[in-house]
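*Asks:* Structure for this input, please:
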Amino acid sequence: MWLDDFESYASDAEVSTTWSRNSGGGNITLTLEKNQSDSTAIKYDFDVNPGYAGITKSATDLAVTSFDGVSFWIKAEETTENDLTIQMREPKSNYSGIYWEATYDWSELKAAEGTTIK
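*Replies:* Got it, this is the predicted structure:
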């Protein structure tokens with residue numbers, strides 16, 4: 001099951017509408033690009049001022065009870081001193097839920113070559 005394979009977007013504007021900026025974080029720019037296997041991916045440029053930057057996507061139509069994890073392929077253009085945190089919320093209602101979070105140190109990811117994180 002895919003959360004998003006990015007193949008259905010016609011433009012950068014469309015991907016930026018579906019994946020919205022976390023309003024409390026720094027500015028972001030999302031653009032469509034080809035990845036190492038010539039599939040469509042998003043490039044995520046960000047400014048971590050005031051301390052973080054993030055994007056969100058509502059995925060209310062996913063049925064994930066039969067799965068036991070999530071994986072992402074990531075490639076960083078440059079080394080950064082910031083951590084990468086992936087956070088997902090399993091909703092109980094419109095305003096509350098259970099949060100799942102994993103934080104990775106950029107230097108441990110070796111993301112300049114591209115890597116899958118789980």
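
*Asks:* Tell me the helices and strands packed up against the least confident helix or strand in the chain by mean pLDDT.
*Replies:* Averaged element by element with mean pLDDT, DSSP states H and E, the chain has its least confident helix or strand at helix 106-109 (a mean of 72). If you count contacts as 3 or more Cβ pairs under 8 Å, 6 or more residues apart in numbering; DSSP states H and E, helix 106-109 packs onto strand 83-91. In short, each C-beta sits where N, CA and C put it, glycine included.

*Asks:* Can you list the strands that the strand it packs on pairs with?
*Replies:* Applying DSSP bridges to the sheet, strand 83-91 is found paired with strand 97-105 (antiparallel).

*Asks:* Spell out the residue ranges of the strands in the protein.
*Replies:* Under the criterion DSSP state E, the chain carries strands at the ranges 20-21, 28-34, 40-46, 55-56, 72-74, 83-91, 97-105, 115-117.

*Asks:* Turn the ones you listed into a markdown table, including mean pLDDT and mean neighbour count.
*Replies:* Shown next, in a markdown table, are these (pLDDT from 0 to 100; neighbours: other Cβ atoms under 10 Å):
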| stretch | mean pLDDT | mean neighbour count |
| --- | --- | --- |
| strand 20-21 | 88 | 16 |
| strand 28-34 | 92 | 14 |
| strand 40-46 | 88 | 16 |
| strand 55-56 | 87 | 15 |
| strand 72-74 | 80 | 14 |
| strand 83-91 | 79 | 13 |
| strand 97-105 | 81 | 11 |
| strand 115-117 | 76 | 13 |
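
*Asks:* Kindly provide the distance from the residue nearest to Asn35 when sequence neighbours are not counted to Asp68.
*Replies:* Once flanking residues are discounted, Asn35 sits nearest to Ala41: 4.0 Å by Cβ to Cβ, 6 or more residues apart in numbering. Note on Ala41: its distance to Asp68, by Cβ to Cβ, to the nearest Å, is 24 Å.

*Asks:* Residues in contact with stretch 53-60: which ones?
*Replies:* 3-4, 18-22, 25-28, 30, 44, 46-47, 87, 91 (Cβ atoms under 8 Å, 6 or more residues apart in numbering).

*Asks:* if we can go back for a sec, for the strands of the chain, which one sits closest to Leu62?
*Replies:* strand 83-91 (10.2 Å; Cβ to Cβ).
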